[in-house]
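*Asks:* What follows is a protein structure lacking sequence information:
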Ligand code: MLT
């Protein structure tokens, strides 16, 4: 996997295709492998780059105690520049979506278009923050394998293919403990960006799985209502991991969206 030094880290990535840059940002506590199908299927449309965020996958370098969305947004801005580009079509899932919204807040001109999959703009409420602390405790007491097993089920629809769950589990099991803890802290502290949604002028597609139990369709509908001109697609027979659970449908929605926003 190639990597690029940005600031104090080296960010690894997978790539395919050529043309305008499309940047794929993964969720928690996953890595660039979750976009494998999209890199195969969208290579005719874009130079597709799936990055491993700081601390994840094969990226190397400092992981702060809290991996904030702002730290990742700064990394993504530097990463796009290091690729020699001025803009990207950003495709982001869940925590990746939190990062994409922080990018919009800081560097709107970097974003040519936006796909927000299975994500939200709201901050954690008190119950959500308590769940982050409980997840840290669970990780330390029961270990990464137990967390991975529980999350592989929670992030996917009940009828999801075993291969998909195995892929999710494998990514979580290979994520460092420090990264998982720092990501939980970063998400716990993240800003509420609901008010900012009205300022998004980039073409935006929102995608959600009909059985997403983490960021359910109602959350996606609210985001679509708040982002001017955005469209919403609900993917059937999918939980939170739409790009992996329904890869063909997800990729078709993205390529159709790019075709529309290019014209
Ligand atoms: C993710 O998939 O990135 C996480 O479920 C997001 C979250 O826990 O808020």
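*Replies:* That came through fine. Bear in mind the structure is a predicted one, so any value in this text is a computation, not a measurement.

*Asks:* quick one: buried residues of the one helix or strand residue 13 maps to?
*Replies:* Assigned by DSSP states H and E, residue 13 belongs to strand 9-16. Neighbour-count burial for strand 9-16 flags 9, 11, 12, 13, 14, 15, 16 (criterion: 16 or more other C-beta atoms under 10 Å). For the C-beta atoms, the positions are set from N, CA and C on the backbone; glycine is no exception.

*Asks:* Please report the distance of the fourth one from the ligand.
*Replies:* Applying C-beta to the nearest ligand atom, to the nearest Å, the value for residue 13 to the ligand is 18 Å.

*Asks:* I'd guessed that residue sits against residue 21; true?
*Replies:* No - using C-beta atoms under 8 Å, residue 13 is not in contact with residue 21, being 11.1 Å away.

*Asks:* Just give the number of residues close to residue 217.
*Replies:* Neighbourhood size, residue 217 [other C-beta atoms under 10 Å]: 17.

*Asks:* burial measure for the closest residue to it other than its chain neighbours, as a count.
*Replies:* Counting by C-beta to C-beta, 6 or more residues apart in numbering, residue 208 is the residue found nearest to residue 217 once chain neighbours are left out, at 5.1 Å. By other C-beta under 10 Å, 28 other residues sit near residue 208.

*Asks:* Could you check the pLDDT of residue 208?
*Replies:* In this model, residue 208 is scored at 98, pLDDT.

*Asks:* Same question for residue 64.
*Replies:* At residue 64, the pLDDT value in this model is 87.

*Asks:* Residue 185 versus that one, what's the distance?
*Replies:* 9 Å (C-beta to C-beta, to the nearest Å).

*Asks:* who's more crowded, those two?
*Replies:* residue 185 (18 against 13).

*Asks:* and this protein, which of its residues are near the ligand?
*Replies:* Along the chain, the residues adjacent to the ligand under the rule C-beta under 6 Å from any ligand atom are 27, 28, 94, 95, 187, 214, 240.

*Asks:* Mind doing that once more with 8 Å?
*Replies:* Selection of the chain residues close to the ligand by C-beta under 8 Å from any ligand atom yields 26-30, 93-98, 118-120, 124, 128, 132, 155, 187, 214-215, 240-241.

*Asks:* So which of these are in helices?
*Replies:* Here DSSP state H is the test, and those give 95, 96, 97, 98, 128, 132, 187 as lying in helices.

*Asks:* Could you identify which of those has the most neighbours?
*Replies:* residue 96 leads those on contacts (other C-beta under 10 Å) with 30 neighbours.

*Asks:* Name the nearest residue to it, sequence neighbours excluded.
*Replies:* In this structure, residue 96 finds its nearest non-sequential neighbour in residue 25, 3.3 Å apart by C-beta to C-beta, 6+ apart.

*Asks:* who's in contact with the one you found?
*Replies:* Contact analysis of residue 25 by C-beta atoms under 8 Å, 6 or more residues apart in numbering lists 51, 53, 72, 76, 90, 91, 92, 93, 96, 97, 99, 100.
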